[in-house]
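Undergrad: what would the 3D arrangement of this be:
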Amino acid sequence: MYATRVLRQAAAHAERTPLIRFIGKRSIPENVDHTPQPHPASPSGALPSSFGNGNSHASFSSYRDHAQQHGPLRKTIGAAGGIGAQSAAHLGPVEPPKGVYFDRNELPERFRRTPLTAAEIEAVETGGAALFG
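TA: Next up, the predicted model:
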């Protein structure tokens, strides 16, 4: 019991030096180069040829004006030529292409789910306890 008190007193009087040593004060660099650079691990070591030829955007807002995400961004719904301006019939057929299925029940029989038996339903509902009854 007294050993703990002695250790605490010794620790309080000892000089504690942190293990992390800092080199100096933090400073923000005055000149930062923001020009586009190729990634250090790129195989060619150069930027794509289409970069900067007018295909890239000068700012994020100009990129956002041309971005597509589930439809065009910054377009008002119901505006002339905007989202909802045309009926769904004008957008094209709804039939899936060959080999594509919208529902699992449209698949061939071998790929469909097998129906659960009464024993399996009972096992799920009781957490398996009915199996050991």
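
Undergrad: now the helices for this structure?
TA: Assigned by DSSP state H, the chain shows helices spanning 2-13, 60-66, 118-126.

Undergrad: possible to save the ones you listed as TSV with mean pLDDT?
TA: TSV is the format used below for the helices of the chain (pLDDT from 0 to 100):
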stretch	mean pLDDT
helix 2-13	77
helix 60-66	69
helix 118-126	89
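
Undergrad: got the ones you listed as a markdown table, with distance to E30 and mean neighbour count columns?
TA: Bear in mind the C-beta positions are built from the backbone N, C-alpha and C, glycine included. Output for the helices of the chain, formatted as a markdown table (distance: least, C-beta to C-beta, whole Å; neighbours: other C-beta atoms under 10 Å):
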| stretch | distance to E30 | mean neighbour count |
| --- | --- | --- |
| helix 2-13 | 44 | 8 |
| helix 60-66 | 25 | 11 |
| helix 118-126 | 67 | 11 |
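
Undergrad: looking at those helices, which is nearest to N31?
TA: For these, the distance to N31 is smallest for helix 60-66, at 23.1 Å, taking C-beta to C-beta.

Undergrad: format the helices of the chain as a markdown table; extra columns: distance to H90.
TA: Output for these, formatted as a markdown table (distance: least, C-beta to C-beta, whole Å):
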| stretch | distance to H90 |
| --- | --- |
| helix 2-13 | 80 |
| helix 60-66 | 24 |
| helix 118-126 | 47 |
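
Undergrad: if anything else comes up later, I'll come back, but that's it for now.
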